[in-house]
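Undergrad: no FASTA, just this:
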């Protein structure tokens, strides 16, 4: 009975790992499918508003998304290369951890690509000019505004002739 239970447990463990791999493969397929859809959306958005892509790159706050997207994609490619293509000697556990870590990175890449598409859609060169122009102006102080208004009022009063 003990041998039968041990053999059945081994079978369940191998079946569980097969089901887990199948689920991960489906998850990869799903994330890659979403990634291709998001890339298509981004391409269409670039075709509609290509100057906006330059505007996003020039923005001091929004251009970080380009770098994040590139670094994330390089990291995914390196993970795939190290787990599947290279002849690195690693245990099955290390290989499984790398493979199972790719899907969350794909999900993050999809989210960043969607954010980039929205940023390109809604950011214009005029917005960037305002962002640059506003930082060049000194901050307005209420006291200075009131004093300047009083000074202009007095000057206008001196120039009025009855």
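TA: Sure thing, it's come through. Treat the numbers as computed from the prediction; the structure is a model and nothing was measured. Numbers count the residues shown, from 1 in each chain.
Undergrad: going by C-alpha atoms from here, please, whenever you check contacts or count neighbours.
TA: Fine.
Undergrad: contact partners for the residue minimising distance to the centre of the chain?
TA: In the chain, the residue lying closest to the centroid (C-alpha atoms, centre = their mean) is residue 112, at 2.2 Å. Contact analysis of residue 112 by C-alpha atoms under 8 Å, 6 or more residues apart in numbering lists 65, 68, 69.
Undergrad: next one: residue 82
TA: By C-alpha under 8 Å, 6+ apart, the residues touching residue 82 are residue 88.
Undergrad: tell me the secondary structure at it.
TA: helix (DSSP: H, G, I helix; E, B strand; the rest coil).
Undergrad: dump the contacts of residue 112 into a markdown table; add distance to residue 9 and neighbour count as well.
TA: Compiled in a markdown table, the contacts of residue 112 are given as follows (distance: C-alpha to C-alpha, whole Å; neighbours: other C-alpha atoms under 10 Å):
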| residue | distance to residue 9 | neighbour count |
| --- | --- | --- |
| 65 | 48 | 17 |
| 68 | 44 | 14 |
| 69 | 43 | 18 |
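Undergrad: between the residues you listed, which is nearest residue 145?
TA: Checking the contacts of residue 112 against residue 145 by C-alpha to C-alpha gives residue 65 as the nearest, at 38.6 Å.
Undergrad: show me which positions of the lowest-mean-pLDDT helix or strand in the chain end up buried.
TA: Least confident element among the helices and strands of the chain, by mean pLDDT, DSSP states H and E: helix 125-136 (a mean of 79). Buried residues in helix 125-136, counted by 16 or more other C-alpha atoms under 10 Å: 125, 128.
Undergrad: what's that helix packed up against?
TA: Applying 3 or more C-alpha pairs under 8 Å, 6 or more residues apart in numbering; DSSP states H and E, one finds that helix 125-136 contacts helix 50-58.
Undergrad: from residue 17, how far off is residue 10?
TA: 11 Å (C-alpha to C-alpha, to the nearest Å).
Undergrad: hang on, the earlier thing: mind checking pLDDT for the residue nearest to the centre of the chain?
TA: Per-residue pLDDT puts residue 112 at 94.
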